[in-house]
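1. pasting the structure only:
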């Protein structure tokens, strides 16, 4: 039985779902597909004998929701394939302590042509909506507080730039309402030139204590924030949420330097 030495793995699994449909047109078989990328799922495990690695991976793969509907054979295939790749590459990292490892799993789902048509239209509409939102936020940001007429004309330009050429005034007015609502929302952020933002590397995992906000460890590849003036360390996402409740360090209550951003 092999033993993996001097390594602790940080595995990042991305599950992409490819929806496909097939139909015939003029005697030809046509295939259409739509890729939907899922969120990354991360887990960490220490060096173990090969069989234990298989058992750990099997448990972790089982709890990844996008893979829940896969057959047991498919899950076993993923685990064995991952273990095989780890073992074949062990000479390249045998003297390292922390090993980031990225895995991409692609799951294919066949759907009827009529469902694919609806999904493609929905994806098209969503992309257009996101493009309009980006343009509106970019073009209107400096005009907040100006007249509604100027905002409306700017919003029309932003919508046209995204590719939508014909739309009613009510559509522009709905985006104006969205802009005005965003103007009333604000968030606090840490001053980037006053605090240190770092990507967690192997040695840091031994130096950093657990994040006192979420009570979780620091994982390889995550981002951490070292606050000033107290030099306490937190997950960047945790301290970003914290300062909107209190702009003081959660450990020592030191006043942290922040700025206000209006969404």
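-> Alright, I've got the coordinates. Quick caveat: nothing in here was measured; it's all calculated off a predicted structure.

2. and whatever helix or strand residue 130 lives in, how far out from the chain's middle?
-> Assignment of secondary structure by DSSP states H and E places residue 130 within helix 113-140. In terms of Cα atoms, centre = their mean, to the nearest Å, the centre of helix 113-140 is set 19 Å apart from its chain centre.

3. Check which helices and strands it sits against.
-> strand 8-25, strand 28-46, helix 148-161, helix 169-183 (3 or more Cβ pairs under 8 Å, 6 or more residues apart in numbering; DSSP states H and E). Quick note: C-beta positions are derived from backbone N, CA and C, even for glycine.

4. what inclination does the shortest one have with respect to helix 169-183?
-> The reference is to helix 148-161. For helix 148-161 against helix 169-183, the angle between stretch directions is 110 degrees (axes from the mean of the first three to the mean of the last three Cα atoms, to 10 degrees).

5. Can you name every helix or strand that helix 148-161 contacts?
-> Taking 3+ Cβ pairs under 8 Å, 6+ apart as contact, the helices and strands that helix 148-161 lies on are helix 113-140, helix 169-183.

6. And for the second one?
-> Here strand 28-46 is seen to pack against strand 8-25, helix 50-63, helix 113-140 when contacts are counted using 3+ Cβ pairs under 8 Å, 6+ apart.

7. Would you mind getting the angle between that strand and strand 8-25?
-> Using the same axes, to 10 degrees, the interaxial angle of strand 28-46 with respect to strand 8-25 works out to 170 degrees.

8. Strand 28-46 versus helix 50-63: what angle between them?
-> Between strand 28-46 and helix 50-63, the angle comes out at 120 degrees (the same axes, to 10 degrees).

9. what does strand 28-46 rub up against?
-> Residues lying outside strand 28-46 but in contact with it, judged by Cβ atoms under 8 Å, 6 or more residues apart in numbering, are 8-24, 53, 56-57, 60, 64, 66, 113, 116, 119-120, 123, 219-221.

10. Same check on the shortest one?
-> Helix 148-161 has contacts (Cβ under 8 Å, 6+ apart) with 132, 135-136, 138-140, 143, 167, 171-173, 175-176, 179.

11. That one: which residues count as buried?
-> Within helix 148-161, the residues scored as buried using 16 or more other Cβ atoms under 10 Å are 151-152, 154-156, 158-159.

12. Same check on the last one?
-> Buried residues in helix 169-183, defined by neighbour count with 16+ other Cβ under 10 Å: 172, 175-176, 178-179, 182.
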